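J.: Got a sequence here, can you model it:
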Amino acid sequence: MAKVVLPDSFLSYTDGVRECVTRAEDYRSLVNELKERWPDLTDSLEKTAVAIDGQIYQDALLEPILPDSEVFFMARIEGG
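T.: Modelled structure (predicted):
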């Protein structure tokens, strides 16, 4: 299972849950799992970037999540 770390901005939607575990095999299935568990996260998830094992992605939908991975959500960086 992979460890998922949620940012403080998500805590009001998750009743204070900061970390959870997932069996998702890719980022898309993880997002779907989180939306199912906490439907109010839907808008916030679309405004975040993610780091999977230290690699930061703005759009990670097809990125694999291996067992023992760590997935961190963070504010999306706009512009360039």
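
J.: Phi, psi for the residue nearest the centre of the chain please.
T.: Closest to where the C-alpha atoms of the chain average out (C-alpha atoms, centre = their mean) is residue 73, at 4.9 Å. Per-residue torsions, residue 73: phi -100, psi 150 (degrees, to the nearest 10).

J.: For residue 40, see how far away the spatially closest residue to residue 66 that is not a sequence neighbour is.
T.: Of all residues not flanking residue 66 in the chain, residue 2 sits nearest, at 7.2 Å (C-beta to C-beta, 6 or more residues apart in numbering). C-beta coordinates here come from the backbone N, C-alpha and C atoms, glycine included. Residue 2 is 22 Å from residue 40, where distance means C-beta to C-beta, to the nearest Å.

J.: quick one: the helices in the chain?
T.: With helices called from DSSP state H, the chain shows them at 27-37, 42-45.

J.: I figured residue 63 hits residue 57, correct?
T.: Yes: counting by C-beta atoms under 8 Å, residue 63 does reach residue 57; the two are 6.0 Å apart.

J.: Return every residue with contacts to both of those two.
T.: Counting by C-beta atoms under 8 Å, 6 or more residues apart in numbering, the contacts common to residue 63 and residue 57 are residue 27.

J.: Comparing the two, which shows the higher neighbour count?
T.: Neighbours of residue 63 and residue 57, each counted by other C-beta atoms under 10 Å, are more numerous for residue 63; the result is 17 against 13.

J.: Right, I'll leave it there.
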